[in-house]
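Enquirer: no letters, just coordinates:
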């Protein structure tokens, strides 16, 4: 296992009305991140379909099976260097249900699919809730736990991933724009990532999306946090009169440090 692993968060701006173009954008960003040396790449929630669906039928129309060409294309990009990819997609299950899912993919193909357990706001209109616990997946770089967006507000899920051995929690997100908490300059997503990392002494990579969609503006506050709570890389959040854009975060992380849960000085 290498000492330093380069993690990328590819903050994108999907277009719900053009899913083919959104899928091409995600693959291009993934390829660019890998060329920049990224060994673990995190993409946003629903990064190829968009988020603000108008009906369950619209979500179903763009849903893809985990065995389909979308995730195969991510595996093809990963195979160039042996990278690992975690990204969100609209999943059509074998039984016909539609899920807000995240997949972990490497050169061998799909290693894990997590179906979002905690559906936010109107999401239950379009998606079925997941039924299985959030997974921890062993990779050549270390153990990666997977959640999706709103899941980070449920500490039992993130703590469960840490107790399951996760050294990195990867969190595809579509975080709506909101003012920072009173007295705190950072947006809630960045604060939650920082606090989750510090509490369980793991790395957290939360990859948000930017832009706006059908009246819903997104925060664009992607962040990579270290086990001591330090912010290693963060995107500038949206302001009241501005749009967040696509951008890439990079951070070189020693995932072995997440195996040491001690604080203070040994022997005291």
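Expert: Sure thing, it's come through. Because the structure is predicted, anything quoted here is derived from the model rather than measured. Numbering: from 1, shown residues only.

Enquirer: roughly how far is stretch 192-210 from the heart of the chain?
Expert: 10 Å (C-alpha atoms, centre = their mean, to the nearest Å).

Enquirer: what pLDDT, on average, does that stretch get?
Expert: Across stretch 192-210, pLDDT averages out at 97.

Enquirer: what residues sit buried inside that stretch?
Expert: Buried positions in stretch 192-210, judged by neighbour count with 16 or more other C-beta atoms under 10 Å: 192-198, 200-210. The way it works is simple: take the backbone N, C-alpha and C, and place the C-beta from them, glycine included.

Enquirer: let me know the pLDDT of residue 242.
Expert: pLDDT, residue 242: 64.

Enquirer: low-confidence ranges, the protein, go.
Expert: 1-2, 238-242, 265-268 (pLDDT under 70).

Enquirer: go ahead and flag the most central residue of it.
Expert: residue 172 (1.9 Å; C-alpha atoms, centre = their mean).

Enquirer: quick one: residues contacting it.
Expert: 42-47, 86-88, 102, 148-149, 207 (C-beta atoms under 8 Å, 6 or more residues apart in numbering).

Enquirer: need the residues you listed in JSON lines (columns: secondary structure and distance to residue 187).
Expert: Converted to JSON lines, the contacts of residue 172 look like this (DSSP: H, G, I helix; E, B strand; the rest coil; distance: C-beta to C-beta, whole Å):
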{"residue": "42", "secondary structure": "strand", "distance to residue 187": "17"}
{"residue": "43", "secondary structure": "coil", "distance to residue 187": "19"}
{"residue": "44", "secondary structure": "coil", "distance to residue 187": "15"}
{"residue": "45", "secondary structure": "coil", "distance to residue 187": "16"}
{"residue": "46", "secondary structure": "coil", "distance to residue 187": "19"}
{"residue": "47", "secondary structure": "coil", "distance to residue 187": "19"}
{"residue": "86", "secondary structure": "strand", "distance to residue 187": "21"}
{"residue": "87", "secondary structure": "strand", "distance to residue 187": "21"}
{"residue": "88", "secondary structure": "strand", "distance to residue 187": "19"}
{"residue": "102", "secondary structure": "strand", "distance to residue 187": "21"}
{"residue": "148", "secondary structure": "coil", "distance to residue 187": "18"}
{"residue": "149", "secondary structure": "helix", "distance to residue 187": "13"}
{"residue": "207", "secondary structure": "strand", "distance to residue 187": "14"}
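
Enquirer: which one of those residues sits closest to residue 14?
Expert: Using C-beta to C-beta, residue 47 comes nearest to residue 14 of those, at 5.7 Å.

Enquirer: what about the closest residue to residue 161 other than its chain neighbours, which helix or strand?
Expert: Distances taken as C-beta to C-beta, 6 or more residues apart in numbering place residue 145 nearest to residue 161, at 3.1 Å, with adjacent residues excluded. Using DSSP states H and E, the element containing residue 145 is strand 142-146.

Enquirer: what lines up beside that strand in the sheet?
Expert: Sheet pairing of strand 142-146 (DSSP bridges) gives strand 136-139 (antiparallel), strand 168-172 (parallel).
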